[in-house]
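> model this:
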Amino acid sequence: MRFIFRLLALFALAVAVVMAVVDATRTIAAGAWIFTPLGESWRENFPETLVAIQHFLKAHHVPFLWDPAITSILLLPGWLVFALIAFLFHAAGRRRHRPGDLLAAAR
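From the prediction side, this is the model:
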């Protein structure tokens, strides 16, 4: 299971780096800070899935999840969201150290 979490973390980190490079390129070209919101990137690349998720959440009586929560996340820069997801997957997939492990490794 740790392997799956680490693999997902690697994938999310790769997406974050690509999105950061795109934003950096746009920033250099414009001469001003430009951060592309996740919602804009999602709308440009996969518009039908964004609408499908919105309709799914509203149809299953959880519109409160869409309006304040997900719309707030969609306004954040895409690279930041995927970097946070990568961090969470990495933290979930890391090996837990037991108290005696450090003493055994020092010998």
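> Going by neighbour count, list what's buried in the helix or strand hosting Gly39.
Using DSSP states H and E, Gly39 sits within helix 38-45. By neighbour count with 16 or more other CB atoms under 10 Å, helix 38-45 contains the buried residues 38-39, 41. From N, CA and C alone the C-beta is placed, and that goes for glycine too.
> In a markdown table, list the residues you listed along with pLDDT.
Shown next, in a markdown table, are the buried residues of helix 38-45 (pLDDT from 0 to 100):
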| residue | pLDDT |
| --- | --- |
| Leu38 | 95 |
| Gly39 | 93 |
| Ser41 | 94 |
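> quick check, nearest of those residues to Ala52?
For those, the residue nearest Ala52 by CB to CB is Gly39; the value is 14.5 Å.
> which residues touch the closest one?
Going by CB atoms under 8 Å, 6 or more residues apart in numbering, Gly39 touches 50, 71, 74-75.
> Distance check, the residue nearest the centre of the chain against Ile28.
Nearest to the mean C-alpha position of the chain, by CA atoms, centre = their mean, lies Phe82 at 2.2 Å. Noted for Phe82: a distance of 21 Å to Ile28, by CB to CB, to the nearest Å.
> quick revisit: can you list the buried residues of helix 38-45 in JSON lines and add distance to Leu10?
JSON lines is the format used below for those (distance: CB to CB, whole Å):
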{"residue": "Leu38", "distance to Leu10": "19"}
{"residue": "Gly39", "distance to Leu10": "24"}
{"residue": "Ser41", "distance to Leu10": "20"}
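> Of the residues you listed, which is the nearest to Val62?
Of all the buried residues of helix 38-45, Val62 sits closest to Gly39, with 18.5 Å by CB to CB.
> Can you tell me how far the closest one is from Ala69?
Gly39 is 13 Å from Ala69, by CB to CB.
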